[in-house]
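Enquirer: kindly generate the corresponding structure for this input.
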Amino acid sequence: MTAETLAALLHARPAGRGKWMAKCPAHPDKHPSLQISQGERGALLRCWAGCDIETVVKAAGLRMADLFAGPPPSAGQARQAAQEHERRDAEARQRRIAHGRACDSIHKLEAVASTLGAKLMRLPDDSPNAPALTRLFHNVQDWLHMAEVRETELRA
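Expert: Modelled structure (predicted):
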């Protein structure tokens, strides 16, 4: 069943593109608290008052299978979907780890740049160490910029 069909069945009002609000059949409502929207494979429900979706579906005189379009997935399709979900979770976990490492690098490089900058400010211009320290400071700034670019890429 599509979300639009379910919305019509529950006398829902439009609440945006592909979304409706209805009074929840699982509890007495003065104001609509049941959000209905269209998902990839069927209708999505959310009761903002906290009702369990199975209770909402049963109170509406429906079955959980009625929320989905077409026949239920086969065991192979369900297994493949679970594997795909697990793969996406693993990728997201790796991106979070890489993002954390990039943030750690940025914090460390900022501390090094700050320390080097403070030393350069106190160092006399004619000091024999000034050119090497200046080069190091600029290299750290370049590394910091590269780490910030990497962190931005990982955040996207």
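Enquirer: how about the helices in the chain?
Expert: Ranges of helices within the chain are 3-9, 53-59, 75-122, 130-155, based on DSSP state H.
Enquirer: and His27, which of those helices is closest to it?
Expert: helix 53-59 (8.3 Å; CB to CB). For every residue, glycine as well, the C-beta is placed using N, CA and C.
Enquirer: and the closest one, what does it pack against?
Expert: The helices and strands touching helix 53-59, judged by 3 or more CB pairs under 8 Å, 6 or more residues apart in numbering; DSSP states H and E, are strand 43-47.
Enquirer: what residues of the strand it packs on count as buried?
Expert: Residues of strand 43-47 classed as buried by neighbour count (16 or more other CB atoms under 10 Å): Ala43, Leu44, Leu45, Cys47.
Enquirer: per-residue confidence averaged over that strand?
Expert: The average pLDDT within strand 43-47 is 92.
Enquirer: by contact count, what packs against that strand?
Expert: Judged by 3+ CB pairs under 8 Å, 6+ apart, strand 43-47 is in contact with helix 3-9, strand 34-38, helix 53-59.
Enquirer: comparing these, which comes out most buried?
Expert: Burial of these is given as mean neighbour count (mean count of other CB atoms under 10 Å); strand 34-38 ranks first at a mean of 21.
Enquirer: strand 43-47 and that strand, what's the angle between them?
Expert: Angle of strand 34-38 versus strand 43-47, following axes from the mean of the first three to the mean of the last three CA atoms, to 10 degrees, is 160 degrees.
Enquirer: domain ranges for this protein?
Expert: Segmentation of the chain into domains, based on automatic domain parsing, reads 3-67, 96-155.
Enquirer: out of those domains, the one nearest Ala82 is which?
Expert: domain 3-67 (14.4 Å).
Enquirer: first-to-last residue distance for that closest one?
Expert: 8 Å (CA to CA, to the nearest Å).
Enquirer: same check, this time on stretch 27-44
Expert: Start-to-end span of stretch 27-44 (CA to CA) is 18 Å.
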